[in-house]
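Colleague: Have a look at this prediction, sequence included:
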Amino acid sequence: MRNDLLAWQWANYTNNHRDRQNLLIHAATVPVFHAGTLAVLTAPLTGATSALVGLVMCAFAMHAQSRGHGREGEKPIPFEGPVDVLTRIVAEQWVTFPRYLLSGEFSRAWNAAR
């Protein structure tokens, strides 16, 4: 795992989130990832189908966001292994993107893309 993951991710985030279509994809799919994560976490109470549906939702969100990142001029820093994949994705979906949206950085990136 990267040292100070959230600070590292935040420092690099704007560079990889400038394209309007990518921003729109993220805005639409981060809630899908959230719902999928919650479905997986509640599966012990709701059943295996919930876990499967949740995993599909998370995979869909990651696939869509990967396509969005393909539109960016600056590509994301490559992953360094499975733990890096998991920690970076969870941090981005649950902390960094919501912070980006709520801080006004999303709006600034959207307006700058005109």
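Modeller: Here it is on my side, so go on. Numbering: from 1, shown residues only.
Colleague: for the protein, what spans make up the strands?
Modeller: Listed in chain order, the chain contains no strands at all (DSSP state E).
Colleague: In this structure T29 contacts A61, no?
Modeller: Yes - counting by CB atoms under 8 Å, A61 is a contact partner of T29 at 4.0 Å. The C-beta positions use only the backbone N, C-alpha and C, and glycine is treated the same way.
Colleague: Now do the same contact list for the most centrally placed residue in the chain.
Modeller: With distances taken as CA atoms, centre = their mean, the chain has Q93 as the residue nearest its mean C-alpha position (3.8 Å). Counting by CB atoms under 8 Å, 6 or more residues apart in numbering, Q93 makes contact with 30, 33-34, 37, 61.
Colleague: and with 10 Å instead?
Modeller: The contact partners of Q93, by CB atoms under 10 Å, 6 or more residues apart in numbering, come to 26, 29-34, 36-37, 58, 61-62, 65.
Colleague: How much space separates the nearest residue to N15 once chain neighbours are set aside from G47?
Modeller: Nearest residue to N15 in three dimensions, chain neighbours excluded: E74, at 4.7 Å (CB to CB, 6 or more residues apart in numbering). Relative to G47, E74 is positioned 42 Å away (CB to CB, to the nearest Å).
Colleague: now do W110
Modeller: Taking CB to CB, one finds W110 at 40 Å from G47.
Colleague: between these two, who's got more neighbours?
Modeller: Neighbour count, other CB atoms under 10 Å: between W110 and G47, W110 has more, with 15 against 11.
Colleague: which residue packs closest to the more buried one, ignoring adjacent ones?
Modeller: Spatial nearest neighbour of W110, chain neighbours left out: L23 (5.8 Å); criterion: CB to CB, 6+ apart.
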